[in-house]
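# Sequence and predicted model, in that order:
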Number of protein chains: 2
Amino acid sequence: LRIPNPESRIPAAREFDLIERIRRRVASRADVVLGIGDDAALLAPPAGQLLVAAQDTLNIGVHFPPDTAPADIGWKALAVNLSDLAAMGAEPAWCLLSLSLPLADSDWIDGFLDGFCALADTHEVALVGGDTTRGPLSVSVAIHGFVPPGQALVRGGAQPGDEIWVTGDLGDAAAALAAGAAADARLRARLDRPTPRLAAGFALRGRATACIDISDGLLADLGHVLAASAVGAELEIADLPCSAALARACSGSQRWQFQLAGGDDYELCFTAPAARHSDIAAAMHAAATPATVIGRIVTAPGCRLSAPDGSDWQPPRRGYQHFSEVSE
Amino acid sequence: LRIPNPESRIPAAREFDLIERIRRRVASRADVVLGIGDDAALLAPPAGQLLVAAQDTLNIGVHFPPDTAPADIGWKALAVNLSDLAAMGAEPAWCLLSLSLPLADSDWIDGFLDGFCALADTHEVALVGGDTTRGPLSVSVAIHGFVPPGQALVRGGAQPGDEIWVTGDLGDAAAALAAGAAADARLRARLDRPTPRLAAGFALRGRATACIDISDGLLADLGHVLAASAVGAELEIADLPCSAALARACSGSQRWQFQLAGGDDYELCFTAPAARHSDIAAAMHAAATPATVIGRIVTAPGCRLSAPDGSDWQPPRRGYQHFSEVSE
């Protein structure tokens, strides 16, 4: 038996200081009956809506490079969770934050809160509880929102004939990760400060037949939709949306790899009947969210990729293998 | 810029297997509209109740010894969160689980689920979502329950003249931690498998004036009640509940240290008017929960300890200093 060192917990006084720093910075909401400072938060859900809940953790060296600025870690930890609500068509409300830190560093916390609170305030999300502990740097957020019964966007509703859409551009974050210190600043910003597509998700209520956010790469995440819906897909590589920065950084099959198999985009991939194309386009325009049709849902399982010259194409990276295992 | 290795994420196929193993083991509830398997869970809160939410993380070497069995880690990760609901008088319902693992080890997961699901099933808690990531072993749980408006137990209601109660025994877990491999099995079981006092918390609705769970030690946690209530306390050391195993393991000031400043007990400390003593005793008996009066709330701030010989006593360990900083 090895005994953990009791001193390796953050000392109570320092933890108290960290929690006070957090409490002073967070905004509240009328539906928060009791926020930070007791054993649990007391919250008043709106009558007649479903609670939508998710939890995602970011670990140093796995989900963000070790040199990531504290403010960017704060932003991203909340963004990836808000992205899950966006993919459900939910309206965000509350979050819990569990923060493991090697040191009770007040400067680090203040920087972290700059990014976290900027995004929380933009979307009127109240931080209502959680904990701070000593450990390798890790940030776990539990997010809560609402959606009316029957209006949530789920993975299982895609139908043959549906168009497949994605918001924004694909591949920027993966290209930034691969380029390291040489990464273009616009690509790196997409890795560090992803935009949760909440307005788009909200606008897709009653419109999309299926929806997911792209955290592990388009093929992997679309694969979950195909598996849940028991359908297949055909994608046009030439139609994959590409930022100007990505177009400058790389081309051809390297670019396709980033767009198809790169993670951390946090765009939405959704399906909708082709007959609703104009309605979807108008809804995305109203939500100020670029959106592009990249292919269609078919009956045959699997995902077929058409290169710009019309030939079939297989991405060499094994992300696609995992996708195949999941979807077929 | 150092680039994290994309391969250091758990490969998608292995993560899918882990999630499938989890999904197969967890029970559902009628109020879970959509559980594990989409971007977020869809839940139906009961009308007219408040949602009670908390999140606590356990890190290896900080919150449990590295040799702790996977089943005990699973149990404890849920228990410490259920303990927060107990301290609010809440009825548990749903949880999210974020699991960071150095390896996608299916045997480890199965063991973890043995402990986690045993406790979840006992209290009818449904695991509805979360994530699995690669990283140093860390378990973060977000817990959700309900309480009628106005009936939650909070920290700020203690009044001069109230009796101070604790459930169960104090100090066992700290004594096990200090004894390491030589620890008595009953003490070690209290460290590894704490009992969340949900029935007691439920029974204290409308009875206790303040309540908290003892995770950081009696003095530290009672200190939060005193600070929130702007009162002080007098404790009788002779009245601190002591298990037979702790009495055999140590005596005198060493035992008092464990009882007063040891963490990980996960008992409840609560206050109630002295005039309600018989009612509280009957309610605890009905909840099958041992409970003991250990002192009283006074107007003067701080916490005075009376040794069995009637003299004042100061614990030497600095846990008390933190408590003083917090409460005075």
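Arrived safely, thanks for sending. Residues are numbered from 1 along each chain as shown, chains lettered A, B, ... in the order given.
# average pLDDT across the host helix or strand of A:Q257?
If you go by DSSP states H and E, A:Q257 is part of helix A:252-261. The average pLDDT for helix A:252-261 rounds to 94.
# now the strands for the stretch 51-200 of chain A?
A:91-101, A:126-134, A:138-147, A:162-167 (DSSP state E, counting those that start in this stretch).
# To B:L226, which of the ones you listed lies closest?
strand A:126-134 (20.9 Å; C-beta to C-beta). From N, CA and C alone the C-beta is placed, and that goes for glycine too.
# partners of the closest one in the sheet?
Next to strand A:126-134 in the sheet, as set by DSSP bridges, lie strand A:91-101 (parallel).
# next one: the strand it pairs with to chain centre, how far?
Averaging C-alpha positions (C-alpha atoms, centre = their mean, to the nearest Å) puts strand A:91-101 14 Å from its chain's average.
# Between strand B:138-147 and it, find me the angle.
140 degrees (axes from the mean of the first three to the mean of the last three C-alpha atoms, to 10 degrees).
# average pLDDT across strand A:91-101?
On average, strand A:91-101 scores 97.
# Buried by neighbour count: which residues of that strand qualify?
Using 16 or more other C-beta atoms under 10 Å in any protein chain shown as the test for burial, strand A:91-101 gives A:E91, A:P92, A:A93, A:W94, A:C95, A:L96, A:L97, A:S98, A:L99, A:S100, A:L101.
# Could you report the distance from the fourth one to B:E236?
Between A:W94 and B:E236 the distance is 41 Å, computed by C-beta to C-beta, to the nearest Å.
# need the residues of the stretch 151-300 of chain A near chain B, please.
A:152, A:154-155, A:177-178, A:180-181, A:183, A:211-213, A:216, A:220, A:228, A:263 (C-beta under 8 Å from any C-beta of the partner chain).
# which of the residues you listed count as buried?
A:152, A:154-155, A:177-178, A:183, A:211-213, A:216, A:220, A:228, A:263.
# How many neighbouring residues does A:D38 have?
The burial count assigned to A:D38 is 23, neighbours taken as other C-beta atoms under 10 Å in any protein chain shown.
# Can you report phi and psi for it?
phi -130, psi -170 (degrees, to the nearest 10).
# surely it meets B:G157?
No - applying C-beta atoms under 8 Å as the test, A:D38 and B:G157 come out as separate, 11.0 Å apart.
# re the thing from before, mind listing what's buried along the helix holding A:Q257?
Within helix A:252-261, judged by 16+ other C-beta under 10 Å, the buried ones are A:R255, A:W256, A:Q257, A:F258, A:Q259, A:L260, A:A261.
# again, but for stretch A:177-196
A:177-179, A:183-184, A:187-196.
# contacting residues for the nearest residue in space to A:C269 that is not next to it in sequence?
Leaving aside its chain neighbours, A:C269 sits nearest to A:V166 (5.0 Å; criterion: C-beta to C-beta, 6 or more residues apart in numbering or on different chains). The contact partners of A:V166, by C-beta atoms under 8 Å, 6 or more residues apart in numbering or on different chains, come to A:I214, A:L218, A:L240, A:P241, A:E267, A:L268, A:C269, A:F270, A:A291, A:T292, A:I294.
# and A:V166, how far is that from A:A244?
A:V166 is 17 Å from A:A244, by C-beta to C-beta.
# go on, A:E236?
20 Å.
# How about A:D162?
From A:D162 to A:A244 the distance is 29 Å (C-beta to C-beta).
# Tell me the residue of the stretch 151-300 of chain A that sits nearest chain B?
Closest to chain B within the stretch 151-300 of chain A is A:A181: 3.8 Å, counting by C-beta to the nearest C-beta.
# Touching, A:P196 and A:Y266? I think so.
Yes - here A:P196 reaches A:Y266: they are 6.4 Å apart, a contact under C-beta under 8 Å.
# Overlap of the contact sets of those two?
Shared contacts of A:P196 and A:Y266, counting by C-beta under 8 Å, 6+ apart, come down to A:A79, A:V80, A:S83.
# out of everything not next to it in sequence, what's closest to the second one?
Distances taken as C-beta to C-beta, 6+ apart put A:D56 closest to A:V80, at 5.0 Å, once the chain neighbours are dropped.
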